[in-house]
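[1] Pasting a predicted model and its sequence here:
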Amino acid sequence: MGGSIRMKVLVTGGAGYIGSHTCVSLMSAGYEVAVLDNLSNGHFEAVLRAQQLSGHSLRFYNADLRDKADVEKVFYAFQPEAVIHFAALKSVEESIREPLLYYESNVAGSVILLQVMSEYKVKQLVFSSTANVYGHALDVPISEDSHIAPTNPYGRSKAMIEQILSDIVASEADWRVARLRYFNPMGAHPSGIIGEDPRGVPSNLPPYIAQVALGRRSQLQIFGGDYDTPDGTGVRDYIHVVDLAEGHVAALNYLTNNMGLVTANLGTGRGYSVLEMVKAFERVSGHPIPYRIVGRRSGDVAKSYAATNKAEKLFAWKARFGLDDMCRDAWRWQVMNPSGYSRNN
Ligand code: UFG
């Protein structure tokens, strides 16, 4: 960003896990940030701590994307120049039980956001998509031109928004849109001040492992020990949340210099099995992780990891952190915040 005037970026879902880390990266890179969040999964405390960490303040709007009048008020008040859109529901399992909730929150919410962006002539957007859109991808590493075939309503809601975005860019040449497909986010800010605080029982592996190491849960269930992988457990591309956050800033910078649509994976390109993750976490935390291998979880694939060359080339960005860093930072956050954001110290 060459200019001296700070670009104004609205972050929807900025009180969430990836959103709050991205706010820190944006503010540290000199952007002026506002957060729009309905706090259904996010935490206001995360926004406060993101300010503390970056040494900058941001504006916070408690608003819901499904309420167009509210979204318009936010645009009127803040006058953003670009948007990073995280706000969404993200549980695969819940999406199967409550598909309409997912289509309403994710798809309808995004349509309203895009309508308001259009009204306000804000045409620069970084969209939070997911590797889930690839479904049962046949080949690893998974490249961006792999077939899009999500297997659940959550993934389909993201794939639909991706489609809407490509239609918008095709209809008006002055949009600048990045669709970022994340692999498996993990870790926390190295300070231990912000991190992941899922509500209820975690469904994802990293927070579950961290809670077992802490003694908050007794045992990890490993879903499947008979996959076609080196040790039989599922292989995923875990990426440090700070790398992910910096990937968003890099994509935003790219869009400032390039019009049109870009789609890129954000991953490390390296896969680890569930058992490798358990061992790394035990080593880094110094705590045992009792586990039991149970049946496969329906919908899971054996192996998923990213082809990373596109993001590296276009955004001049590359994941810097490795598995031990992710475990160390996840553990530090967990120890410093045993009950997440709900009770300090
Ligand atoms: N796993 C266990 N036990 C658990 C939880 C997970 O063994 O208690 C295993 C899974 O079977 C899988 C691996 O750990 O092999 C990772 O599972 P996660 O639930 O952490 O992540 P997924 O890869 O299933 O899905 C995640 C997000 C999706 C996103 C996808 C992108 O939940 O939203 O990554 O690839 F779309």
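    Right, received. Where do you want to start? Residues are numbered from 1 along each chain as shown.
[2] so where is the stretch 201-345 of the chain shaky, pLDDT-wise?
    Low-confidence segments of the stretch 201-345 of the chain, defined by pLDDT under 70: 343-345.
[3] just the strands in it please.
    220-223, 235-236, 238-240, 260-266, 272-273, 291-294, 303-304 (DSSP state E, counting those that start in this stretch).
[4] and of these, who's closest to residue 137?
    For these, the distance to residue 137 is smallest for strand 303-304, at 7.0 Å, taking CB to CB. Where you see a C-beta, it was placed from the backbone N, CA and C, and this is true even at glycine.
[5] what does the closest one contact?
    Contacts to strand 303-304, defined as CB atoms under 8 Å, 6 or more residues apart in numbering, come from residues 131, 134, 137, 140, 142, 183-184, 227-229, 234-237, 271.
[6] out of the strands of the stretch 201-345 of the chain, nearest to residue 115?
    strand 260-266 (18.5 Å).
[7] Now do the buried residues in the closest one.
    The neighbour-count check on strand 260-266 (16 or more other CB atoms under 10 Å) flags 261-266 as buried.
[8] Within range of the ligand, give me the residues from the stretch 201-345 of the chain.
    203-205, 208, 220-223, 234, 236, 274, 297, 300, 304 (CB under 6 Å from any ligand atom).
[9] How about stretch 123-142 and the ligand, any contact?
    Yes. With CB under 6 Å from any ligand atom as the measure, stretch 123-142 is seen reaching the ligand through 130-132.
[10] so residue 225 sits right up against residue 233, yeah?
    Yes. Under the criterion of CB atoms under 8 Å, residue 225 makes contact with residue 233 at 5.9 Å.
[11] Just list the residues touching the residue of the chain found nearest the ligand, thanks.
    Closest contact between the chain and the ligand, by CB to the nearest ligand atom, is at residue 234 (2.3 Å). Residues counted as contacts of residue 234 (CB under 8 Å, 6+ apart) are 223-224, 227, 273-274, 300-303.
[12] so where is the stretch 51-200 of the chain shaky, pLDDT-wise?
    Those would be none, if you go by pLDDT under 70 across the stretch 51-200 of the chain.
[13] related to what we said a few turns ago, which of the contacts of residue 234 has the most neighbours?
    residue 274 (24 neighbours; other CB atoms under 10 Å).
[14] Report the spatially closest residue to it, excluding sequence-adjacent ones.
    residue 233 (3.9 Å; CB to CB, 6 or more residues apart in numbering).
[15] Brilliant, that's me finished.
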